[in-house]
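Asks: What shape does this take:
(chains A, B and C)
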Amino acid sequence: MESRVIMHVDANSAYLSWEAVNRLLHGDTLDLRTVPSVVGGDPLTRHGIVLAKSIPAKKFGIKTGETIWEAKAKCPELVIVPPDYSLYMRCSTAMGDILREYSPLVEQYSVDEYFLVYTGCQTLFGDPVEVAHRIKDRIREELGFSVNVGVSSNKLLAKMGSELQKPDRVHTLFPEEVPTKMWPLPVEELFAVGRATSKKLYDRRVQTIGELANSDPKWLELFLKSHGRLIWNYANGRDVSLVRINRHPVVKSMGNSTTLPFDIDNCREAYLVLLSLVETVASRIRAAGYCCQLVAVSIKDNEFLYRSHQRKLYDPADSTNLIHQTACELFDELWRGQPLRHLGVSAAELCSNEFLQMSLFNELNEKQRDLDKAIDSIRKKHGSLAVHRASFIRSGLKPMTGGTGEEVEYPVMSSLL
DNA sequence: TCTGGGGTCCTAGGACCC
DNA sequence: TCTGGGGTCCTAGGACCC
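Replies: Okay, here's the model as predicted:
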């Protein structure tokens, strides 16, 4: 069997680079990439975390995910810009369009990452490493931002390769290069080794990827279960997962959640927030032609304690009111009166809605579906704010919450490759 | 001036059935 | 009747990813 050639293409500091490019395009003279800067949420609405940082900001020790407040303390002259998700979608798509010129097998892994199967394309475009450089340079010249490209024979190594040194670089990480290029790295840099796993490994004196690779998988399984075997294989450069074309992505769940500007302390308001979340979730489900058979509600209180309840439905549902009804019942199970800062609704066990469309259900459901359908089409034509439920009037709450502004047309794929 | 939002997968325990 | 054990479904929670 011919060995595979896989590339992983990763936009460098994606949100920040894209903001920088867009601002230059619109006449700004300052290139955000050249100064300490971050893309971040608004602390006044309690969304104040760093979503992306420039390389100069990184030199101040600023990290993604930390609070704007902490970042400012590290660098008082820090430039902070708000996120613009619809811009990021456009940049993401433009990147994918270039990649598809080099292979039909392209998987969008996240908003700023793609896998590309180059196996068999050599005869058309030539040596993989040369093509990786060409792709990288074309994206920089045509779209204005830099990427890293990792080249290897499986997805894991291609991805690890693209992370090696940034920005604007191509790296190979073939299996024979694993001991020299990957094994010296600290274990937390391995894909699928997060905070909890790296702590357990450090507690047991496993500090580098090489030490993990050369430890006994049976021993790893004692304290990491099946995850131990997985990361042991990864550390040894082994991964058999396939690149999946996103044309027919299998979405497993759809959810929306929100951190509220102020704590919620009564169930009337909570029900309303749940409704605004369900409006978004249910319309996404319907737009995709799905029904859900499971509804989940999550809460986070003012002490950051997180809990969730879920319930399987007797009949698959896609109606806003039905899902909201279930969500409120789940909320009642969960809530013990503590002030809440965050609410979430998720719909899972998705199935096709064809069965429902056959109208085997009672008249009430029929009317409910017609109503949802009518509302969806008005919103599609005139915008999501064109029609909303009267209960939101003077509530101070948004009638639809969640999402990124635009309908996101790609899935966020599995955490495992 | 604290700490986002979108996902997937795995595990453990209880219920229930045979 | 004195004690088992498989299999499946459901639920809660945790870990990981971008």
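Asks: CA only for contacts and neighbour counts going forward, please
Replies: Fine.
Asks: Would you quantify the distance from the nearest residue to A:M95 once chain neighbours are set aside to DNA strand B?
Replies: If you skip the residues right next to it in sequence, A:M95 has A:I139 as its closest partner in space, 6.9 Å away by C-alpha to C-alpha, 6 or more residues apart in numbering. Between A:I139 and DNA strand B the computed distance is 24 Å (C-alpha to the nearest atom of the strand, to the nearest Å).
Asks: what pLDDT does A:I139 get?
Replies: Reading off the confidence values, A:I139 has pLDDT 98.
Asks: ok, it touching A:F145?
Replies: Yes. Taking contact to mean C-alpha atoms under 8 Å, the distance of 6.6 Å between A:I139 and A:F145 places them in contact.
Asks: neighbour count winner among the two?
Replies: The residue with the greater number of neighbours, taking A:I139 and A:F145 and applying other C-alpha atoms under 10 Å, is A:F145; the counts read 23 against 20.
Asks: Show residues contacting the helix or strand hosting A:I378.
Replies: Using DSSP states H and E, A:I378 sits in helix A:363-382. Where contact means C-alpha atoms under 8 Å, 6 or more residues apart in numbering, the residues beyond helix A:363-382 that reach it are A:283, A:319-321, A:359, A:385-387.
Asks: Could I have the buried ones of those residues as PyMOL selection syntax?
Replies: In PyMOL, selecting the buried portion of those, with burial taken from 16 or more other C-alpha atoms under 10 Å, looks like this:
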select buried, chain A and resi 283+319+320+321
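Asks: now the contacts of helix A:363-382 in CSV, with secondary structure?
Replies: Putting these into CSV (DSSP: H, G, I helix; E, B strand; the rest coil) gives the following:
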residue, secondary structure
A:S283, helix
A:S319, coil
A:T320, helix
A:N321, helix
A:S359, coil
A:L385, coil
A:A386, coil
A:V387, coil
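Asks: Specify the local secondary structure of the residue nearest to A:M95.
Replies: In three-state terms, and counting by three-state DSSP, A:I139 is helix.
Asks: for the residue in the stretch 251-400 of chain A positioned nearest to DNA strand C, what are its contacts?
Replies: Using C-alpha to the nearest atom of the strand, the point where the stretch 251-400 of chain A gets nearest to DNA strand C is A:H309, with a distance of 3.2 Å. Shown here is A:H309, whose contacts under the criterion C-alpha under 8 Å, 6+ apart are A:296-298, A:330-331, A:333-334.
Asks: which of the residues you listed are buried?
Replies: Judged by neighbour count, with buriedness set by 16+ other C-alpha under 10 Å, the buried members of the contacts of A:H309 are A:296-298, A:330-331.
Asks: Just those residues: which are in strands?
Replies: Using DSSP state E, the subset of the buried ones among the contacts of A:H309 located in strands is A:296-298.
Asks: what are the ranges of the helices in the stretch 101-250 of chain A?
Replies: For the stretch 101-250 of chain A, applying DSSP state H, counting those that start in this stretch gives helices covering A:122-125, A:128-143, A:155-162, A:178-181, A:195-203, A:209-213, A:217-235.
Asks: Appreciated, that's everything.
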